[in-house]
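Asker: Just the structure for this:
(chains A and B)
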Amino acid sequence: MSSLPLIAQAGNRARNLFFDVEGSTLAGDIDNVFYFILWVSIVSFVAIVAVTGWFLLKYRARPGHEAVKTATHSTSLEITWTVIPTILSAAMFWVGFEGYMDLKQAPSNAYEIQVRAFQWGWEFSYPNGAKDTDLHIPAETPVKLVMTSSDVLHSLFIPAFRVKQDVVPGRYTSMWFESLSLADLDGGVREQARTLADTGYVELNLFCTEYCGTNHSGMGRTVYVYTPADFEAKITEIAKFMIDPAIPLAEKGARVYAGACNSCHLVEEDAVKIGPSFYNLSRSIRDGEMIEFTDAEDASLVPDENYIRESILYPGEKVRKGYPNQMNSFLGNLDDRRIEALIAYIKSLSTAEAAN
Amino acid sequence: MATTGTATPVAPAVEHDAAGDNYLTASRGFVSWFFTLDHKRIGIMYLIGTLTAFALGGAFAIALRTELFHANTVPGQSALFTADQYNQLFSLHGAVMVFLFIIPAIPAALGNFILPIMLGVKDVAFPRLNLFSFHLWVIGAVFFLLALSTGGLDTGWTFYTPYSTTASQTSVIAATMGAFILGFSSIFTGLNFIVTLHKMRPTGMTWFRMPLFLWGLYATALIQVLATPVLGITLLMLIVERAFHIGIFDPSLGGDPVLFQHFFWFYSHPAVYIMILPGMAIVSELISIHSRKHIFGYKFIAMSSIAIAIFGFFVWGHHMFTSGQSAMLSTIFSALTFSVAIPSAIKVFNWLTTMWKGNLQFNTPMFYSLGFIWLFLIGGLTGLFLGTLSTDLTLHDTYFVVAHFHYVMVGGTLWAFLGGLYHWWPKMTGKMFNDTMGKVASVVALIGFNVLFFPQFFMGSQGMPRRYFDYLPEWEIYHQISTIGAYILLTGLLMVLWNLLSSLGKNGKKAPANPWGGATLEWHTTSPPSHHNFEVQPTVGDPYALDEWTWDPETEGYVHSGVAPSVAARH
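Answerer: Numbers count the residues shown, from 1 in each chain, chains lettered A, B, ... in the order given. The predicted structure follows:
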């Protein structure tokens, strides 16, 4: 069964009325179940609305028309309209069950990626030690995500793969998928994605679908799908990035920022999303300005490296005046190397400008 | 209020204590209302209270739909609200609509007013308990207002842990206390109805001669009494964990967050049927009366209500297919979920057959009944996608679900509630509304509702998650259509309000005792009823013997053509 007519054109991308691009080996089966139920529903709906419409026309109250007394009960009719929906719903249950079993049983050779969700972001860890906040995967390879949460419930949803699984603190949940080839994936629902021809990879949507607080809707990230060879190169590059001596510390910090901090902190002057601007913090460090706190032993201080480190690991210790005490600890999520890189990056925000 | 005409020799019994005395005029003053034991006055107070809550919940809805008109591509810009404010809007919209409006609206407002009169009795079994239920509703509402004014609520109406117990900075305890108290209000109403229906049915009214509205209220009451205590326990545990850090649900305290979901949905799924069963029950009355036909398949409709109430207890896990519960549990819950679809389908087919060869009246209650059937059909059919395991995994927690349950809760329950309100309005107030305007308002609301929620099926299946303050630009067009629909729906509902309120003024036409030709007992008494409902005990007959009533152009109402010495025969 094919998808219904196209209704919108976004750039050169055609968009379906239902569903993102059919991106995984199981997506087609799931869509077929969806369209089976859809057609049963459309036929039932049209039939019932047509019958009511016809009755409204034929039996509408008008001069000279009266209700006709008919039987008030018919066991055979009741049995008929009990049995038919029973058979249809049994069929729906069965096809849904079969598809579900496929979704629940990851192949034993699946490539494993560890996932940690937190308020408000993701950390994807690869077997070679690479860590990133977007998901990178090889096409045409079974991938299994083993997931847990650092704080509250989250849920990982990749619409193109038709998979979703809650991420629960204190336990591991998992899901798996096998992406189709890059050519098959191109042209998804995503409006601002670059095309395969430009980049050599495909970008897909990834969302958090279990409400998790202030920035729940800011947990959307990108799934990058590569050819298996490009994928190896990519995660090698990510793994080496943090230890490559040729890359300046601040540049490494910029990547840490993009993954861990930018869902709440912005780097433009006076720009506030949830927490204070990193540019302003950087300027305070540079100029020796005091910053003020609520509920801290010292009501104010001149920020330095120790302040940044403490705020990352124990954010409740000093809460900036005018901001909520909302940040979660990154203890265990960010190692010393990353924290140092981040400190260098924050300091560079205002000093780079001063050097110019 | 004056009598509607001169008494005729047919109905001498209509003469009562004082001319024009009815339940509205029997006594005056705040105390005579707020501490009344009269089920009719309690019903009217519930009506005003729940409609006020509906207006509040609706204001939150309009605010959040307005916010969603634009995608906030630049953080903080073009936004009317902050993310935190938005999260409070959807949480309070859900909590107020569910706990203060939908659950009590039909049973406690319309049910309270109609149930004893349909039984031909003076009151419910426990009038004081009935008043206490209402007072608990008021106290629960006060707790919600307290939460609203002391930090709000940002957990969603579902209060999922551990967010609600450890992370949320809002007044979770005040709001959950409110829901806890409202739960008791609901239990007491249910208990009262069960006892009333068991012990006070008049001579001749066997279980299967009971109007279907009462069957629906009975099934609802069973759920209220059996399921709501579980909500109470769950909310208390939540409060204990939040206030005293005793680990029940939070894994960092040694608890299990999925356990909360089991407890919560063990109540909240049956609660869905607390919301929809009374709606189905109203439509069963309305379709028959306004088609001028005896109801078809009475026993199947009655028993399907009971079946839904029972099956409803065994399907809660279908809210949790992605929660991490075992695949075995999900499979069992999916199979059981489909069992609920069947009694709902049976009802729809019986309503259609009732209309067949009828004399269909194109009046406002009928418009709402038809709207109910069509909208509930969409709500029910889209439920099939969510009960099916493999498709639910992709649709869960997207706008597809939002659209689905609004088709059931608004398209279903609200439409039935408004249909019932119009249907019994003449009985409750003694005034006839402007039927043309009622129909126009209903069509405007129907269009607005569909424009509002239908596009959400598409964006949901494409992946737009629910409870999102911000979204990707590809969904902006769907959100904009949706928001425009919200304003059309608002217009329709304001027309409904004006339509009903304007009938109460001096120019409002007086209602006859039986404007629709219904055969249930509430149409045997005056409009509005006297303080004691009936001056003479009405004779119980077939509640759907509509052909015993004939149109009387002089009174613009129906009169009984049989020999029953009914007060309804008065002009």
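Asker: what separates stretch B:460-477 from the chain centre, distance-wise?
Answerer: Its chain's C-alpha centre and that of stretch B:460-477 lie 29 Å apart, by Cα atoms, centre = their mean, to the nearest Å.
Asker: buried stuff in that stretch?
Answerer: By neighbour count with 16 or more other Cβ atoms under 10 Å in any protein chain shown, stretch B:460-477 contains the buried residues B:460-472, B:474-476. C-beta here means a position set from N, CA and C on the backbone, and glycine is covered the same way.
Asker: Now do the same contact list for the most centrally placed residue in chain A.
Answerer: By Cα atoms, centre = their mean, chain A has its centre lying nearest to residue A:207, at 1.5 Å. Applying Cβ atoms under 8 Å, 6 or more residues apart in numbering or on different chains, we find residue A:207 in contact with A:156, A:157, A:158, A:159, A:219, A:220, B:463, B:465.
Asker: again, 6 Å this time
Answerer: A:157, A:220, B:465 (Cβ atoms under 6 Å, 6 or more residues apart in numbering or on different chains).
Asker: measure residue B:186 to residue B:274 for me?
Answerer: Counting by Cβ to Cβ, to the nearest Å, the gap from residue B:186 to residue B:274 is 7 Å.
Asker: Now for these two: what residues contact both?
Answerer: Going by Cβ under 6 Å, 6+ apart, residues that sit against residue B:186 and also against residue B:274 are B:103, B:224.
Asker: follow-up on the earlier one: you'd agree the residue nearest to the centre of chain A is in a helix?
Answerer: No. Counting by DSSP: H, G, I helix; E, B strand; the rest coil, residue A:207 falls outside a helix, being strand.
Asker: Could you report the separation of the closest residue to chain B within the stretch 1-150 of chain A from residue B:297?
Answerer: Of all residues in the stretch 1-150 of chain A, residue A:99 sits closest to chain B, at 2.9 Å by Cβ to the nearest Cβ. Noted for residue A:99: a distance of 35 Å to residue B:297, by Cβ to Cβ.
Asker: likewise residue B:209?
Answerer: Using Cβ to Cβ, residue B:209 is found at 15 Å from residue B:297.
Asker: right, and the residue of the stretch 1-150 of chain A closest to chain B touches residue B:390 too?
Answerer: Yes. Using Cβ atoms under 6 Å, residue A:99 is in contact with residue B:390, at 2.9 Å.
Asker: neighbour count winner among these two?
Answerer: residue B:390 (26 against 23; other Cβ atoms under 10 Å in any protein chain shown).
Asker: Can you name the helix or strand that that one falls in?
Answerer: helix B:389-395 (DSSP states H and E).
Asker: averaged over its residues, what pLDDT does that helix have?
Answerer: The average pLDDT within helix B:389-395 is 95.
Asker: So which elements touch that helix?
Answerer: Where contact means 3 or more Cβ pairs under 6 Å, 6 or more residues apart in numbering or on different chains; DSSP states H and E, helix B:389-395 is packed against helix A:27-58, helix A:75-104, helix B:364-387.
Asker: could you dump those helices to TSV with distance to residue A:131?
Answerer: Converted to TSV, these look like this (distance: least, Cβ to Cβ, whole Å):
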stretch	distance to residue A:131
helix A:27-58	28
helix A:75-104	27
helix B:364-387	35
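Asker: Which of these has the highest mean neighbour count?
Answerer: Most buried of these, by mean neighbour count (mean count of other Cβ atoms under 10 Å in any protein chain shown): helix B:364-387, with a mean of 24.
Asker: just checking, what packs against that helix?
Answerer: helix A:27-58, helix B:257-291, helix B:327-355, helix B:389-395, helix B:415-429, helix B:435-462.
Asker: how near is residue B:379 to residue A:84?
Answerer: 20 Å.
Asker: Same question for residue B:273.
Answerer: For residue B:273, the distance to residue A:84 - Cβ to Cβ - is 23 Å.
Asker: close to chain A, is stretch B:238-255?
Answerer: Yes. For a cut-off given as Cβ under 6 Å from any Cβ of the partner chain, stretch B:238-255 has contacts with chain A, namely residue B:251.
Asker: Pull the number of nearby residues for residue A:222.
Answerer: 17.
Asker: Identify the residues contacting it.
Answerer: Residues in contact with residue A:222 (Cβ under 6 Å, 6+ apart) are A:134, A:203.
Asker: rerun that using 10 Å as the cut-off
Answerer: Residues near residue A:222 by Cβ atoms under 10 Å, 6 or more residues apart in numbering or on different chains: A:133, A:134, A:135, A:136, A:190, A:193, A:201, A:202, A:203, A:204, A:205, A:206.
Asker: Just confirm it is within a strand.
Answerer: Yes. Assessed by three-state DSSP, residue A:222 belongs to a strand.
Asker: Now stretch B:473-489: buried residues?
Answerer: By neighbour count on 16+ other Cβ under 10 Å, the buried set for stretch B:473-489 is B:474-476, B:478-479, B:481-486, B:488-489.
Asker: For the stretch 51-200 of chain B, which segments are assigned as helices?
Answerer: B:83-95, B:103-104, B:112-119, B:127-149, B:172-199 (DSSP state H, counting those that start in this stretch).
Asker: Any chance of the ones you listed in a markdown table with mean neighbour count and distance to residue B:337 as columns?
Answerer: As requested, the helices of the stretch 51-200 of chain B are arranged in a markdown table below (neighbours: other Cβ atoms under 10 Å in any protein chain shown; distance: least, Cβ to Cβ, whole Å):
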| stretch | mean neighbour count | distance to residue B:337 |
| --- | --- | --- |
| helix B:83-95 | 23 | 22 |
| helix B:103-104 | 26 | 21 |
| helix B:112-119 | 27 | 31 |
| helix B:127-149 | 19 | 30 |
| helix B:172-199 | 22 | 24 |
